[in-house]
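Student: What shape does this take:
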Amino acid sequence: MAQTSSFGNLVRLRRSVRHFLPTPLADLQMNAVLGDAQRSPSNCNTQPWMVHIASGAAKEALTKTLTAHAREARFSSDFSWDETAFPDIPDARPREQGKTYYESLGIARNDAAGRQAGLLKNLEFFGATHVAFLFMRSVGDNVRVAADLGMYAQTFLLSLTARGFAGIPQTVLGLFSDPVRATVCVPGDMKLLFGISFGHAGADATSVPYMPRAPLSDSIVRHG
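Tutor: Numbering: from 1, shown residues only. Purely as a prediction, here's the structure:
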């Protein structure tokens, strides 16, 4: 992937990659990305993120553990999620994303086994050589801290893109907070928000079509 100095182009180059090469990032390469992400803004410069990165044997151990939990439907999320809480967001968006994704895998809507296999690919981190777990302490209603982690994650993802690497944010990893905490030895007061799998993009990294974005008029109201 060619590097670019245009921020507009960089934002459009970033995509959620689901196919990775087995070549890990060198320490210098990873530290460059992490150094960029560390420059992210945060409320009162609290920098509340705590990032645990698993590679190699540690990552493989996580795959085995999380897969076992998923097969037994043992979920443990630190934060609640209710899809019905978004009455103003068209249902067509997530439905279209799911349809496009599973069609790219050749999985039919009524193929329960195929869809379960598709879920498990998330827990194999799509073959990425590294996975970063974004932890935070619970503060108040958690909104401000979670927002800071969101800004960190976006900077992290854009840095990967700018440097010729690839990543995918995975909220599903937040459904396995207990086994992740136990495997990477994180204290119980650290809450898992989500994870980012990353590495070198594979040749078929663009097999899932880029999902279109809503027009500005759907979400922007200008005054004055």
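Student: Distance-wise, check the spatially most central residue of the chain relative to residue 96.
Tutor: Geometric centre of the chain, nearest residue: residue 169, 1.2 Å, by C-alpha atoms, centre = their mean. As for residue 169, its distance to residue 96 is 19 Å (criterion: C-beta to C-beta, to the nearest Å). Any C-beta I mention is one placed from the backbone N, CA and C, and that applies to glycine too.
Student: Might you report the residue contacts of the residue nearest to the centre of the chain?
Tutor: 16, 153, 157, 194, 195, 196 (C-beta atoms under 8 Å, 6 or more residues apart in numbering).
Student: Wasn't it part of a strand?
Tutor: Yes - assessed with DSSP: H, G, I helix; E, B strand; the rest coil, residue 169 lies in a strand.
Student: got a pLDDT number for it?
Tutor: Looking at residue 169, its pLDDT reads 96.
Student: swap in residue 1?
Tutor: For residue 1, the predicted pLDDT is 46.
Student: Kindly report the same for residue 86.
Tutor: 66.
Student: just residue 83 next, same as before
Tutor: pLDDT recorded at residue 83 is 67.
Student: quick one on the thing from earlier: make CSV out of the contacts of residue 169 and add secondary structure and distance to residue 181.
Tutor: Shown next, in CSV, are these (DSSP: H, G, I helix; E, B strand; the rest coil; distance: C-beta to C-beta, whole Å):
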residue, secondary structure, distance to residue 181
16, strand, 25
153, helix, 19
157, helix, 23
194, strand, 14
195, strand, 12
196, strand, 17
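Student: Only alpha carbons, please: show the lowest-mean-pLDDT helix or strand in the chain as PDB.
Tutor: Using mean pLDDT, DSSP states H and E, the weakest-scoring helix or strand in the chain turns out to be helix 92-104, at a mean of 71. Included here for helix 92-104 are C-alpha records, laid out as PDB according to Å, rounded to 0.1, in the frame of the first residue of the first chain:
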ATOM      1  CA  ALA A  92     -30.600  -1.200   6.800                       C
ATOM      2  CA  ARG A  93     -27.000  -0.200   7.600                       C
ATOM      3  CA  PRO A  94     -26.100  -3.100   9.900                       C
ATOM      4  CA  ARG A  95     -28.200  -5.500   7.800                       C
ATOM      5  CA  GLU A  96     -26.400  -4.500   4.600                       C
ATOM      6  CA  GLN A  97     -23.100  -4.800   6.300                       C
ATOM      7  CA  GLY A  98     -23.900  -8.300   7.600                       C
ATOM      8  CA  LYS A  99     -25.200  -9.400   4.200                       C
ATOM      9  CA  THR A 100     -22.200  -8.000   2.300                       C
ATOM     10  CA  TYR A 101     -19.800  -9.600   4.800                       C
ATOM     11  CA  TYR A 102     -21.300 -13.100   4.800                       C
ATOM     12  CA  GLU A 103     -21.800 -13.100   1.000                       C
ATOM     13  CA  SER A 104     -18.100 -12.300   0.600                       C
END
